[in-house]
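In: I would like to see how this sequence folds:
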Amino acid sequence: MLNDLDLSGIQDERAREVIVRLLNLVEEQGRELAEARAEIQRLRDENNRLKGEQGKPTIKAKRRDPQARQDYSSEQERRQPKKREGRSKIERLTVTREEIATVDRALLPVDAEFKGYEAVVVQDLRLERETIRFHKEKYYSHTTGQSYLAALPVGYEGQFGPGLRALVLVWYYGSQMSEPKIVDLLHEVGIAISAGQVSNLLIKDQDDFHAEQDAAYAAGLRSSPWQHTDDTGTRVNGENHHCHTVCNPLHTTYFTAPSKDRLSVLDALSNGRPRLFRLNDEAFDLLAGLAVSGLTRQCLREKFPVDQSLSDATLNALLTLHLPHLGSQTRKRIFDGLAIAAYHAQDEWPVVQLLLCDDAPQFGLLTDELALCWIHEGRHYTKLTPLVAAHRQLLADFRTKFWAFYDRLLAYRDHPSSEERDHLSADFDTLFSTTTGYWALDDRIATTRSHKAALLKVLEHPELPLHNNPAELAARARVRKRDVSFGPRTRDGTKAWDTFMSLAATTKKLGLSFFQFIHDRITRAYRIPPLAELIDQRAKALNLGASWAAG
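Out: Below is the predicted model:
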(Lines give C-alpha, C1' and ligand atoms only; values in the text may rest on other atoms or scores of the structure.)
Protein backbone atom coordinates (compact mmCIF):
# COMPACT_ATOMS: atom_id res chain seq x y z
CA MET A 1 0.00 0.00 0.00
CA LEU A 2 2.78 2.44 0.94
CA ASN A 3 4.56 1.75 -2.35
CA ASP A 4 1.52 2.92 -4.32
CA LEU A 5 0.84 6.00 -2.22
CA ASP A 6 0.85 9.26 -4.21
CA LEU A 7 0.87 12.25 -1.89
CA SER A 8 0.31 14.68 -4.74
CA GLY A 9 -3.12 13.14 -5.32
CA ILE A 10 -4.36 14.11 -1.83
CA GLN A 11 -6.23 17.39 -2.21
CA ASP A 12 -6.81 18.12 1.48
CA GLU A 13 -3.67 19.90 2.67
CA ARG A 14 -4.21 19.02 6.34
CA ALA A 15 -4.79 15.38 5.50
CA ARG A 16 -1.66 15.34 3.36
CA GLU A 17 0.36 16.87 6.23
CA VAL A 18 -0.94 14.25 8.65
CA ILE A 19 -0.02 11.44 6.25
CA VAL A 20 3.46 12.90 5.78
CA ARG A 21 3.92 12.90 9.56
CA LEU A 22 2.67 9.33 9.81
CA LEU A 23 5.05 8.19 7.09
CA ASN A 24 7.97 9.77 8.90
CA LEU A 25 6.90 8.08 12.11
CA VAL A 26 6.84 4.78 10.21
CA GLU A 27 10.42 5.49 9.09
CA GLU A 28 11.54 6.26 12.64
CA GLN A 29 9.84 3.18 14.06
CA GLY A 30 11.36 1.02 11.32
CA ARG A 31 14.83 2.38 12.01
CA GLU A 32 14.47 1.89 15.76
CA LEU A 33 13.11 -1.63 15.24
CA ALA A 34 16.05 -2.56 13.00
CA GLU A 35 18.52 -1.17 15.56
CA ALA A 36 16.76 -3.05 18.37
CA ARG A 37 16.83 -6.32 16.42
CA ALA A 38 20.55 -5.88 15.73
CA GLU A 39 21.25 -5.15 19.39
CA ILE A 40 19.18 -8.15 20.54
CA GLN A 41 21.07 -10.41 18.14
CA ARG A 42 24.38 -9.00 19.35
CA LEU A 43 23.45 -9.71 22.96
CA ARG A 44 22.29 -13.22 22.08
CA ASP A 45 25.57 -13.90 20.30
CA GLU A 46 27.56 -12.55 23.26
CA ASN A 47 25.51 -14.70 25.65
CA ASN A 48 26.18 -17.78 23.53
CA ARG A 49 29.91 -17.04 23.42
CA LEU A 50 30.01 -16.70 27.21
CA LYS A 51 28.44 -20.17 27.37
CA GLY A 52 31.15 -21.53 25.12
CA GLU A 53 28.92 -21.66 22.06
CA GLN A 54 28.96 -19.75 18.78
CA GLY A 55 26.98 -16.72 17.74
CA LYS A 56 24.83 -16.42 14.66
CA PRO A 57 27.02 -16.70 11.55
CA THR A 58 27.12 -13.79 9.15
CA ILE A 59 25.96 -15.11 5.79
CA LYS A 60 25.60 -12.66 2.95
CA ALA A 61 22.44 -12.87 0.90
CA LYS A 62 22.76 -14.29 -2.60
CA ARG A 63 20.89 -11.30 -3.98
CA ARG A 64 20.67 -7.86 -2.51
CA ASP A 65 17.39 -7.11 -0.77
CA PRO A 66 16.26 -3.64 -1.88
CA GLN A 67 14.83 -3.09 1.61
CA ALA A 68 18.06 -4.08 3.35
CA ARG A 69 20.86 -1.73 4.31
CA GLN A 70 23.04 -1.20 1.28
CA ASP A 71 26.76 -0.91 0.93
CA TYR A 72 27.63 2.77 1.31
CA SER A 73 31.21 2.58 0.12
CA SER A 74 32.40 5.48 -2.01
CA GLU A 75 34.04 3.09 -4.45
CA GLN A 76 31.62 3.89 -7.27
CA GLU A 77 32.13 7.64 -6.88
CA ARG A 78 35.88 7.17 -6.53
CA ARG A 79 36.39 5.10 -9.64
CA GLN A 80 37.54 7.10 -12.65
CA PRO A 81 38.63 5.92 -16.10
CA LYS A 82 42.37 5.38 -16.24
CA LYS A 83 44.28 7.41 -18.78
CA ARG A 84 46.03 5.35 -21.42
CA GLU A 85 49.73 5.93 -21.77
CA GLY A 86 50.96 7.26 -25.09
CA ARG A 87 53.63 4.62 -25.72
CA SER A 88 52.97 0.92 -26.11
CA LYS A 89 54.22 -1.54 -23.49
CA ILE A 90 56.88 -2.90 -25.84
CA GLU A 91 58.35 0.56 -26.45
CA ARG A 92 58.89 1.03 -22.72
CA LEU A 93 60.93 -2.15 -22.35
CA THR A 94 64.71 -2.41 -22.47
CA VAL A 95 65.87 -5.50 -24.35
CA THR A 96 68.56 -7.29 -22.30
CA ARG A 97 69.29 -10.22 -24.61
CA GLU A 98 68.75 -11.01 -28.28
CA GLU A 99 68.53 -14.48 -29.74
CA ILE A 100 67.87 -15.84 -33.23
CA ALA A 101 65.18 -18.48 -33.60
CA THR A 102 66.04 -20.66 -36.61
CA VAL A 103 63.83 -22.73 -38.87
CA ASP A 104 64.61 -26.42 -39.21
CA ARG A 105 66.07 -26.55 -42.72
CA ALA A 106 64.71 -30.06 -43.21
CA LEU A 107 61.20 -28.65 -43.12
CA LEU A 108 61.82 -26.04 -45.84
CA PRO A 109 60.96 -26.54 -49.54
CA VAL A 110 63.89 -26.49 -51.96
CA ASP A 111 62.95 -23.08 -53.35
CA ALA A 112 62.50 -21.33 -49.94
CA GLU A 113 64.22 -17.92 -49.84
CA PHE A 114 65.44 -16.11 -46.70
CA LYS A 115 63.42 -12.92 -46.16
CA GLY A 116 64.96 -11.53 -42.96
CA TYR A 117 63.65 -11.63 -39.40
CA GLU A 118 60.41 -10.89 -37.57
CA ALA A 119 60.99 -9.43 -34.10
CA VAL A 120 59.03 -10.71 -31.12
CA VAL A 121 59.68 -9.41 -27.59
CA VAL A 122 59.13 -11.81 -24.67
CA GLN A 123 59.50 -10.94 -20.99
CA ASP A 124 60.85 -13.47 -18.51
CA LEU A 125 62.11 -13.52 -14.95
CA ARG A 126 64.93 -15.52 -13.37
CA LEU A 127 64.89 -16.11 -9.64
CA GLU A 128 67.80 -18.26 -8.54
CA ARG A 129 70.11 -18.55 -5.58
CA GLU A 130 73.57 -17.08 -5.75
CA THR A 131 76.01 -18.19 -3.06
CA ILE A 132 79.24 -16.20 -3.04
CA ARG A 133 82.45 -17.13 -1.26
CA PHE A 134 84.59 -14.03 -0.79
CA HIS A 135 88.33 -14.52 -0.34
CA LYS A 136 89.34 -11.42 1.55
CA GLU A 137 92.98 -10.43 1.27
CA LYS A 138 94.80 -10.34 4.57
CA TYR A 139 98.06 -8.58 5.37
CA TYR A 140 100.13 -8.32 8.49
CA SER A 141 102.56 -5.52 9.36
CA HIS A 142 105.42 -6.31 11.74
CA THR A 143 106.02 -2.58 12.06
CA THR A 144 102.58 -1.76 13.36
CA GLY A 145 101.77 -5.17 14.77
CA GLN A 146 98.38 -5.08 13.05
CA SER A 147 96.50 -7.22 10.51
CA TYR A 148 94.83 -5.62 7.51
CA LEU A 149 91.79 -7.39 6.08
CA ALA A 150 89.94 -6.46 2.89
CA ALA A 151 86.37 -5.19 3.35
CA LEU A 152 83.42 -6.80 1.63
CA PRO A 153 81.67 -4.86 -1.14
CA VAL A 154 79.05 -2.42 0.12
CA GLY A 155 75.76 -4.15 0.82
CA TYR A 156 77.27 -7.58 1.50
CA GLU A 157 77.71 -7.13 5.22
CA GLY A 158 76.29 -10.05 7.15
CA GLN A 159 75.03 -13.31 5.69
CA PHE A 160 72.84 -11.94 2.91
CA GLY A 161 73.52 -9.77 -0.11
CA PRO A 162 71.74 -6.61 -1.28
CA GLY A 163 69.54 -8.36 -3.84
CA LEU A 164 68.02 -10.67 -1.24
CA ARG A 165 67.70 -7.93 1.37
CA ALA A 166 65.97 -5.60 -1.07
CA LEU A 167 63.58 -8.29 -2.27
CA VAL A 168 62.57 -9.21 1.27
CA LEU A 169 61.71 -5.58 2.03
CA VAL A 170 59.79 -5.14 -1.23
CA TRP A 171 57.87 -8.40 -0.86
CA TYR A 172 56.83 -7.62 2.69
CA TYR A 173 56.08 -3.88 2.52
CA GLY A 174 55.49 -3.26 -1.17
CA SER A 175 53.81 -6.51 -2.23
CA GLN A 176 52.32 -7.14 1.24
CA MET A 177 53.42 -10.75 1.54
CA SER A 178 53.49 -12.37 4.95
CA GLU A 179 56.75 -13.36 6.65
CA PRO A 180 56.00 -17.12 6.50
CA LYS A 181 55.33 -16.92 2.75
CA ILE A 182 58.56 -15.01 2.19
CA VAL A 183 60.43 -17.68 4.12
CA ASP A 184 58.72 -20.41 2.06
CA LEU A 185 59.59 -18.69 -1.22
CA LEU A 186 63.23 -18.23 -0.23
CA HIS A 187 63.45 -21.88 0.79
CA GLU A 188 61.97 -22.90 -2.58
CA VAL A 189 64.90 -21.28 -4.41
CA GLY A 190 67.44 -22.78 -2.04
CA ILE A 191 68.19 -19.93 0.36
CA ALA A 192 69.11 -21.14 3.86
CA ILE A 193 67.39 -18.57 6.07
CA SER A 194 65.27 -18.74 9.22
CA ALA A 195 62.08 -16.87 10.08
CA GLY A 196 64.00 -14.90 12.72
CA GLN A 197 66.59 -13.79 10.16
CA VAL A 198 63.83 -12.61 7.79
CA SER A 199 62.27 -10.67 10.66
CA ASN A 200 65.60 -9.00 11.43
CA LEU A 201 66.04 -8.02 7.76
CA LEU A 202 62.62 -6.35 7.89
CA ILE A 203 63.07 -4.45 11.14
CA LYS A 204 66.62 -4.15 12.44
CA ASP A 205 69.30 -1.58 11.53
CA GLN A 206 67.08 0.58 9.31
CA ASP A 207 68.21 3.99 10.61
CA ASP A 208 69.21 5.26 7.15
CA PHE A 209 65.78 4.48 5.75
CA HIS A 210 64.08 6.10 8.76
CA ALA A 211 66.16 9.25 8.22
CA GLU A 212 65.34 9.40 4.51
CA GLN A 213 61.64 8.94 5.22
CA ASP A 214 61.71 11.75 7.79
CA ALA A 215 63.31 14.05 5.22
CA ALA A 216 60.82 12.98 2.53
CA TYR A 217 57.91 13.67 4.90
CA ALA A 218 59.20 17.15 5.65
CA ALA A 219 59.56 17.81 1.92
CA GLY A 220 56.06 16.44 1.32
CA LEU A 221 54.61 18.83 3.88
CA ARG A 222 56.55 21.72 2.32
CA SER A 223 55.37 20.82 -1.17
CA SER A 224 51.85 22.19 -0.66
CA PRO A 225 49.91 24.18 1.92
CA TRP A 226 47.29 21.40 2.03
CA GLN A 227 47.38 17.73 2.92
CA HIS A 228 44.95 14.81 2.87
CA THR A 229 44.54 12.88 6.11
CA ASP A 230 42.66 9.83 7.34
CA ASP A 231 43.11 7.05 9.89
CA THR A 232 42.33 3.38 10.27
CA GLY A 233 42.51 0.85 13.07
CA THR A 234 45.60 -1.32 13.44
CA ARG A 235 47.19 -3.58 16.05
CA VAL A 236 50.53 -3.35 17.83
CA ASN A 237 51.48 -6.38 19.89
CA GLY A 238 47.82 -7.33 20.06
CA GLU A 239 46.71 -3.89 21.32
CA ASN A 240 44.40 -1.57 19.41
CA HIS A 241 46.18 1.37 17.79
CA HIS A 242 45.44 3.74 14.92
CA CYS A 243 47.41 4.32 11.74
CA HIS A 244 47.23 7.92 10.50
CA THR A 245 47.86 8.71 6.83
CA VAL A 246 49.02 12.11 5.56
CA CYS A 247 49.53 12.61 1.84
CA ASN A 248 49.34 14.79 -1.26
CA PRO A 249 50.24 14.04 -4.92
CA LEU A 250 53.97 13.82 -4.08
CA HIS A 251 54.13 11.72 -0.92
CA THR A 252 52.28 9.37 1.40
CA THR A 253 53.25 9.02 5.04
CA TYR A 254 52.04 6.53 7.66
CA PHE A 255 52.18 7.21 11.38
CA THR A 256 50.99 4.72 14.02
CA ALA A 257 49.76 5.99 17.39
CA PRO A 258 47.82 4.51 20.31
CA SER A 259 44.87 6.85 19.72
CA LYS A 260 43.15 8.90 17.04
CA ASP A 261 42.30 11.95 19.15
CA ARG A 262 43.29 15.49 18.24
CA LEU A 263 46.70 15.28 19.94
CA SER A 264 47.47 12.06 18.05
CA VAL A 265 46.63 13.71 14.73
CA LEU A 266 48.92 16.55 15.75
CA ASP A 267 51.63 13.98 16.55
CA ALA A 268 51.21 12.58 13.03
CA LEU A 269 51.48 16.04 11.45
CA SER A 270 54.60 16.68 13.58
CA ASN A 271 56.15 13.28 12.75
CA GLY A 272 56.18 12.22 16.39
CA ARG A 273 58.32 15.09 17.63
CA PRO A 274 58.15 15.69 21.42
CA ARG A 275 54.90 17.38 22.32
CA LEU A 276 55.15 21.06 23.18
CA PHE A 277 52.52 23.38 24.60
CA ARG A 278 52.29 27.15 24.42
CA LEU A 279 50.03 29.68 26.10
CA ASN A 280 49.62 32.68 23.79
CA ASP A 281 46.83 34.74 22.22
CA GLU A 282 45.94 31.96 19.81
CA ALA A 283 45.77 29.46 22.66
CA PHE A 284 43.32 31.67 24.59
CA ASP A 285 41.14 31.99 21.49
CA LEU A 286 41.19 28.22 21.03
CA LEU A 287 40.32 27.60 24.68
CA ALA A 288 37.36 29.94 24.40
CA GLY A 289 36.20 28.07 21.30
CA LEU A 290 36.62 24.76 23.15
CA ALA A 291 34.27 26.04 25.89
CA VAL A 292 36.90 26.29 28.63
CA SER A 293 35.40 28.54 31.30
CA GLY A 294 36.46 32.16 31.67
CA LEU A 295 37.53 31.52 35.25
CA THR A 296 39.90 28.75 34.15
CA ARG A 297 41.28 30.89 31.34
CA GLN A 298 41.89 33.72 33.80
CA CYS A 299 43.84 31.38 36.08
CA LEU A 300 45.93 30.25 33.13
CA ARG A 301 46.66 33.86 32.19
CA GLU A 302 47.71 34.85 35.69
CA LYS A 303 49.65 31.81 36.91
CA PHE A 304 51.08 30.11 33.82
CA PRO A 305 54.10 31.22 31.75
CA VAL A 306 52.98 32.97 28.56
CA ASP A 307 54.71 32.65 25.16
CA GLN A 308 56.98 29.88 26.38
CA SER A 309 57.24 26.30 25.16
CA LEU A 310 56.19 23.84 27.84
CA SER A 311 56.80 20.09 27.93
CA ASP A 312 54.10 17.55 28.69
CA ALA A 313 55.48 16.99 32.20
CA THR A 314 55.74 20.72 32.92
CA LEU A 315 52.15 21.43 31.84
CA ASN A 316 50.87 18.51 33.89
CA ALA A 317 52.73 19.77 36.96
CA LEU A 318 51.40 23.33 36.54
CA LEU A 319 47.82 22.13 36.15
CA THR A 320 48.14 19.92 39.21
CA LEU A 321 49.54 22.83 41.23
CA HIS A 322 47.20 25.65 40.17
CA LEU A 323 44.06 23.79 39.02
CA PRO A 324 44.01 20.60 41.08
CA HIS A 325 40.24 20.06 40.77
CA LEU A 326 40.14 20.42 37.01
CA GLY A 327 37.89 17.89 35.26
CA SER A 328 39.40 15.43 32.79
CA GLN A 329 37.44 16.88 29.85
CA THR A 330 38.56 20.45 30.55
CA ARG A 331 42.12 19.23 31.11
CA LYS A 332 42.08 17.56 27.71
CA ARG A 333 40.78 20.73 26.05
CA ILE A 334 43.59 22.75 27.61
CA PHE A 335 46.15 20.27 26.32
CA ASP A 336 44.57 20.41 22.84
CA GLY A 337 44.46 24.20 22.69
CA LEU A 338 48.01 24.74 23.93
CA ALA A 339 49.42 21.98 21.70
CA ILE A 340 47.79 23.50 18.60
CA ALA A 341 49.14 26.94 19.50
CA ALA A 342 52.65 25.52 19.98
CA TYR A 343 52.45 23.66 16.65
CA HIS A 344 51.55 26.87 14.82
CA ALA A 345 54.19 28.93 16.64
CA GLN A 346 57.18 26.65 15.96
CA ASP A 347 59.27 26.95 12.80
CA GLU A 348 61.36 23.77 13.04
CA TRP A 349 58.87 21.59 11.18
CA PRO A 350 56.52 22.45 8.27
CA VAL A 351 53.07 23.59 9.41
CA VAL A 352 50.06 22.42 7.40
CA GLN A 353 47.69 25.26 6.52
CA LEU A 354 44.73 23.18 5.33
CA LEU A 355 43.59 19.62 5.96
CA LEU A 356 41.35 17.82 3.48
CA CYS A 357 39.53 15.13 5.43
CA ASP A 358 36.18 13.75 6.55
CA ASP A 359 34.03 15.42 9.20
CA ALA A 360 35.53 13.57 12.20
CA PRO A 361 35.87 16.05 15.11
CA GLN A 362 39.56 15.35 15.82
CA PHE A 363 40.57 17.06 12.57
CA GLY A 364 39.02 20.38 13.54
CA LEU A 365 41.05 23.40 14.78
CA LEU A 366 44.43 21.87 13.87
CA THR A 367 44.92 24.01 10.77
CA ASP A 368 43.92 27.50 9.67
CA GLU A 369 41.53 26.04 7.10
CA LEU A 370 39.59 22.80 6.72
CA ALA A 371 38.16 21.23 3.56
CA LEU A 372 35.66 18.37 3.71
CA CYS A 373 35.42 15.43 1.35
CA TRP A 374 32.36 15.41 -0.91
CA ILE A 375 32.50 11.62 -1.27
CA HIS A 376 32.20 11.21 2.50
CA GLU A 377 29.38 13.75 2.57
CA GLY A 378 27.55 11.86 -0.15
CA ARG A 379 28.04 8.63 1.76
CA HIS A 380 25.81 9.95 4.56
CA TYR A 381 22.94 10.12 2.07
CA THR A 382 23.62 6.57 0.90
CA LYS A 383 23.29 5.39 4.50
CA LEU A 384 19.65 6.51 4.56
CA THR A 385 17.44 3.44 3.96
CA PRO A 386 13.83 4.65 3.72
CA LEU A 387 11.03 2.07 3.97
CA VAL A 388 8.44 4.15 2.14
CA ALA A 389 8.61 4.23 -1.66
CA ALA A 390 7.85 7.97 -1.77
CA HIS A 391 10.80 8.63 0.53
CA ARG A 392 13.06 6.43 -1.56
CA GLN A 393 12.13 8.49 -4.59
CA LEU A 394 12.78 11.75 -2.74
CA LEU A 395 16.18 10.46 -1.70
CA ALA A 396 17.05 9.29 -5.22
CA ASP A 397 16.02 12.64 -6.69
CA PHE A 398 18.07 14.61 -4.19
CA ARG A 399 21.14 12.42 -4.65
CA THR A 400 20.94 13.08 -8.40
CA LYS A 401 20.99 16.83 -7.70
CA PHE A 402 23.80 16.34 -5.17
CA TRP A 403 26.12 14.69 -7.68
CA ALA A 404 25.12 17.12 -10.43
CA PHE A 405 26.34 19.94 -8.19
CA TYR A 406 29.52 17.94 -7.53
CA ASP A 407 30.11 17.74 -11.29
CA ARG A 408 29.79 21.51 -11.53
CA LEU A 409 32.48 21.88 -8.88
CA LEU A 410 34.74 19.56 -10.89
CA ALA A 411 34.20 21.75 -13.94
CA TYR A 412 35.00 24.85 -11.86
CA ARG A 413 38.36 23.35 -10.83
CA ASP A 414 39.35 23.15 -14.49
CA HIS A 415 38.10 26.65 -15.37
CA PRO A 416 37.71 28.80 -12.24
CA SER A 417 36.11 32.23 -12.52
CA SER A 418 34.72 34.74 -10.03
CA GLU A 419 31.33 34.69 -11.76
CA GLU A 420 30.98 30.92 -11.52
CA ARG A 421 32.24 31.00 -7.94
CA ASP A 422 29.37 33.31 -6.96
CA HIS A 423 26.85 31.16 -8.83
CA LEU A 424 28.04 27.97 -7.13
CA SER A 425 27.89 29.57 -3.69
CA ALA A 426 24.33 30.78 -4.26
CA ASP A 427 23.22 27.48 -5.80
CA PHE A 428 24.67 25.59 -2.81
CA ASP A 429 22.41 27.63 -0.51
CA THR A 430 19.42 26.88 -2.72
CA LEU A 431 20.08 23.16 -3.05
CA PHE A 432 20.82 22.56 0.61
CA SER A 433 17.86 24.60 1.83
CA THR A 434 15.55 22.04 0.23
CA THR A 435 12.70 20.68 2.36
CA THR A 436 11.41 17.33 1.10
CA GLY A 437 9.09 16.24 3.91
CA TYR A 438 11.22 13.16 4.61
CA TRP A 439 12.56 14.11 8.01
CA ALA A 440 15.75 12.05 8.00
CA LEU A 441 16.70 13.43 4.59
CA ASP A 442 15.89 16.99 5.62
CA ASP A 443 18.07 16.65 8.72
CA ARG A 444 20.93 15.38 6.58
CA ILE A 445 20.50 18.26 4.11
CA ALA A 446 20.60 20.77 6.97
CA THR A 447 23.82 19.17 8.28
CA THR A 448 25.43 19.48 4.85
CA ARG A 449 24.36 23.14 4.71
CA SER A 450 26.15 23.75 8.02
CA HIS A 451 29.37 22.46 6.38
CA LYS A 452 29.22 24.97 3.53
CA ALA A 453 32.52 26.74 4.25
CA ALA A 454 34.51 23.49 4.35
CA LEU A 455 32.73 21.87 1.39
CA LEU A 456 33.20 24.93 -0.82
CA LYS A 457 36.83 25.57 0.08
CA VAL A 458 37.62 24.65 -3.55
CA LEU A 459 36.06 27.96 -4.63
CA GLU A 460 38.95 29.76 -2.89
CA HIS A 461 41.59 27.17 -3.82
CA PRO A 462 40.73 25.54 -7.18
CA GLU A 463 43.76 23.22 -6.99
CA LEU A 464 42.18 21.37 -4.06
CA PRO A 465 40.67 17.94 -4.81
CA LEU A 466 37.00 17.52 -3.94
CA HIS A 467 37.50 14.24 -2.15
CA ASN A 468 39.81 12.53 0.31
CA ASN A 469 40.32 9.41 -1.79
CA PRO A 470 44.17 9.44 -1.71
CA ALA A 471 44.26 9.28 2.10
CA GLU A 472 41.46 6.72 2.20
CA LEU A 473 43.18 4.52 -0.37
CA ALA A 474 46.42 4.80 1.60
CA ALA A 475 44.54 3.69 4.70
CA ARG A 476 43.10 0.74 2.78
CA ALA A 477 46.63 -0.34 1.87
CA ARG A 478 47.40 -0.48 5.60
CA VAL A 479 44.19 -2.48 6.15
CA ARG A 480 45.30 -5.03 3.54
CA LYS A 481 48.72 -5.24 5.18
CA ARG A 482 47.01 -5.69 8.56
CA ASP A 483 44.86 -8.51 7.16
CA VAL A 484 47.93 -10.33 5.83
CA SER A 485 50.42 -9.75 8.65
CA PHE A 486 48.13 -8.77 11.55
CA GLY A 487 50.46 -6.14 12.99
CA PRO A 488 53.92 -5.38 14.39
CA ARG A 489 54.81 -6.48 17.91
CA THR A 490 57.59 -4.08 18.89
CA ARG A 491 58.42 -0.40 18.68
CA ASP A 492 61.09 -1.15 16.05
CA GLY A 493 58.56 -3.15 14.06
CA THR A 494 55.98 -0.36 14.22
CA LYS A 495 58.54 2.19 13.04
CA ALA A 496 59.59 -0.13 10.20
CA TRP A 497 55.99 -0.65 9.08
CA ASP A 498 55.42 3.10 8.94
CA THR A 499 58.73 3.91 7.25
CA PHE A 500 58.73 1.28 4.52
CA MET A 501 55.02 1.55 3.69
CA SER A 502 55.60 5.32 3.38
CA LEU A 503 58.65 4.81 1.14
CA ALA A 504 56.79 2.29 -1.02
CA ALA A 505 53.86 4.66 -1.57
CA THR A 506 56.04 7.75 -2.07
CA THR A 507 58.39 6.13 -4.61
CA LYS A 508 55.33 5.01 -6.58
CA LYS A 509 54.00 8.58 -6.66
CA LEU A 510 57.41 9.80 -7.84
CA GLY A 511 57.49 7.21 -10.63
CA LEU A 512 60.35 5.21 -9.09
CA SER A 513 60.80 1.47 -8.71
CA PHE A 514 60.57 0.64 -5.00
CA PHE A 515 62.92 -2.31 -5.51
CA GLN A 516 65.51 -0.24 -7.36
CA PHE A 517 65.29 2.44 -4.68
CA ILE A 518 65.83 -0.04 -1.84
CA HIS A 519 68.66 -1.80 -3.70
CA ASP A 520 70.29 1.55 -4.49
CA ARG A 521 70.28 2.55 -0.82
CA ILE A 522 71.49 -0.84 0.48
CA THR A 523 74.43 -0.82 -1.93
CA ARG A 524 75.02 2.89 -1.24
CA ALA A 525 75.22 3.56 -4.96
CA TYR A 526 72.98 6.64 -4.59
CA ARG A 527 72.18 6.79 -8.28
CA ILE A 528 68.64 7.75 -7.25
CA PRO A 529 68.60 11.24 -5.73
CA PRO A 530 67.22 11.73 -2.20
CA LEU A 531 63.43 11.53 -2.17
CA ALA A 532 63.22 14.90 -0.42
CA GLU A 533 65.16 16.47 -3.28
CA LEU A 534 62.87 14.88 -5.88
CA ILE A 535 59.77 16.07 -4.01
CA ASP A 536 61.12 19.63 -3.84
CA GLN A 537 61.79 19.58 -7.60
CA ARG A 538 58.35 18.20 -8.48
CA ALA A 539 56.65 20.67 -6.12
CA LYS A 540 58.05 23.61 -8.07
CA ALA A 541 56.75 22.15 -11.31
CA LEU A 542 53.27 21.26 -10.02
CA ASN A 543 52.76 24.41 -7.90
CA LEU A 544 50.26 22.70 -5.60
CA GLY A 545 49.72 25.92 -3.63
CA ALA A 546 48.98 28.20 -6.57
CA SER A 547 46.00 29.99 -5.01
CA TRP A 548 47.88 30.59 -1.76
CA ALA A 549 50.82 32.09 -3.69
CA ALA A 550 48.44 34.27 -5.71
CA GLY A 551 46.75 35.48 -2.53
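In: Every contact and neighbour count from this point should use C-alpha atoms.
Out: Noted.
In: T256: how many residues sit nearby?
Out: T256 is flanked by 25 other residues according to other Cα atoms under 10 Å.
In: Wasn't it part of a strand?
Out: Yes. With DSSP: H, G, I helix; E, B strand; the rest coil as the criterion, T256 is located in a strand.
In: where's the residue nearest to it when sequence neighbours are not counted, which helix or strand?
Out: With sequence-adjacent residues excluded and distances taken as Cα to Cα, 6 or more residues apart in numbering, T256 is closest to C243, at 4.3 Å. Element membership for C243, per DSSP states H and E: strand 239-248.
In: ok now that strand, how far from the chain's centre?
Out: Taking Cα atoms, centre = their mean, to the nearest Å, the mean C-alpha location of strand 239-248 is offset from the chain mean by 7 Å.
In: got it, and stretch 227-243?
Out: Stretch 227-243 has its C-alpha centroid displaced from the chain centroid by 10 Å (Cα atoms, centre = their mean).
In: List the buried residues for that stretch?
Out: Residues 227-236, 241-243 are the ones in stretch 227-243 that count as buried (16 or more other Cα atoms under 10 Å).
In: Stretch 145-160: end-to-end distance?
Out: For stretch 145-160, the first-to-last residue distance is 32 Å (Cα to Cα, to the nearest Å).
In: can you count the residues close to L276?
Out: Count around L276 with other Cα under 10 Å applied: 21.
In: pLDDT at the nearest residue to it once chain neighbours are set aside, what is it?
Out: Excluding the flanking residues, the one nearest L276 by Cα to Cα, 6+ apart is S311, at 5.1 Å. pLDDT, S311: 95.
In: quick one, what contacts S311?
Out: Residues near S311 by Cα atoms under 8 Å, 6 or more residues apart in numbering: P274, R275, L276, F277.
In: Now rank those residues by neighbours and give me the top one.
Out: Among the contacts of S311, F277 has the most neighbours (other Cα under 10 Å), with 25 neighbours.
In: for the host helix or strand of it, packing partners?
Out: Using DSSP H and E, F277 sits in strand 276-278. In terms of contacts (3 or more Cα pairs under 8 Å, 6 or more residues apart in numbering; DSSP states H and E), strand 276-278 is packed against strand 309-311, helix 312-322, helix 328-345.
In: Q176 is nearest to which of these?
Out: With Cα to Cα as the criterion, Q176 lies closest to helix 328-345 of those, at 34.4 Å.
In: I100: how many residues sit nearby?
Out: I100 has 8 neighbouring residues, counting by other Cα under 10 Å.
In: Give me the secondary structure label for it.
Out: Of the three states, I100 takes coil under three-state DSSP.
In: What distance do you get for it to D124?
Out: As defined by Cα to Cα, I100 lies at a distance of 16 Å from D124.
In: how about whichever strand or helix holds H423: buried residues?
Out: Using DSSP H and E, H423 falls within helix 418-431. Buried residues in helix 418-431, defined by neighbour count with 16+ other Cα under 10 Å: R421, L424, F428.
In: Now it: average pLDDT?
Out: Average pLDDT, helix 418-431: 96.
In: Please identify the deepest-packed of the helices and strands packed on strand 276-278.
Out: Looking across these with neighbours counted as mean count of other Cα atoms under 10 Å, the highest average goes to helix 328-345: a mean of 20.
In: show me where pLDDT drops low in the protein?
Out: 1-12, 16, 51-88, 551 (pLDDT under 70).
In: which stretches of it form strands?
Out: Applying DSSP state E to the chain gives strands spanning 138-141, 146-149, 226-236, 239-248, 251-257, 276-278, 309-311, 354-357, 369-372.
In: Pick out whichever of the buried residues of helix 418-431 sits closest to L531.
Out: R421 (37.2 Å).
In: May I ask you to confirm that the closest one is in contact with H461?
Out: No. Look at R421 against H461 with Cα atoms under 8 Å: they stay out of range, at 10.9 Å.
In: Residues that sit against both of the two, list them.
Out: With Cα under 8 Å, 6+ apart, R421 and H461 have no common neighbours.
In: Can you name the residues that contact the most centrally placed residue in the chain?
Out: Centroid-nearest residue in the chain, with Cα atoms, centre = their mean: A471, separated by 3.0 Å. Residues in contact with A471 (Cα under 8 Å, 6+ apart) are H228, T229, D230, T245, V246, C247.
In: same thing with A454?
Out: Going by Cα under 8 Å, 6+ apart, A454 touches E369, L370, A371, L372.
In: ok, now L356?
Out: W226, Q227, H228, T229, L370, A371, L372, C373, H467, N468.
In: surely V352 meets L221?
Out: Yes. Using Cα under 8 Å, V352 makes contact with L221 at a distance of 6.8 Å.
In: returning to that earlier point: wait, which of the strands of the chain is closest to G174?
Out: Among the strands of the chain, strand 251-257 sits nearest to G174 (Cα to Cα), with 13.3 Å.
In: Roughly how far does Q393 sit from W403?
Out: Distance of Q393 to W403, given as Cα to Cα: 16 Å.
In: of the two, who's got more company?
Out: Shown here are Q393 and W403; by other Cα under 10 Å, W403 has more neighbours (15 against 12).
In: From L409, how far out is the more buried one?
Out: According to Cα to Cα, W403 stands 10 Å off from L409.
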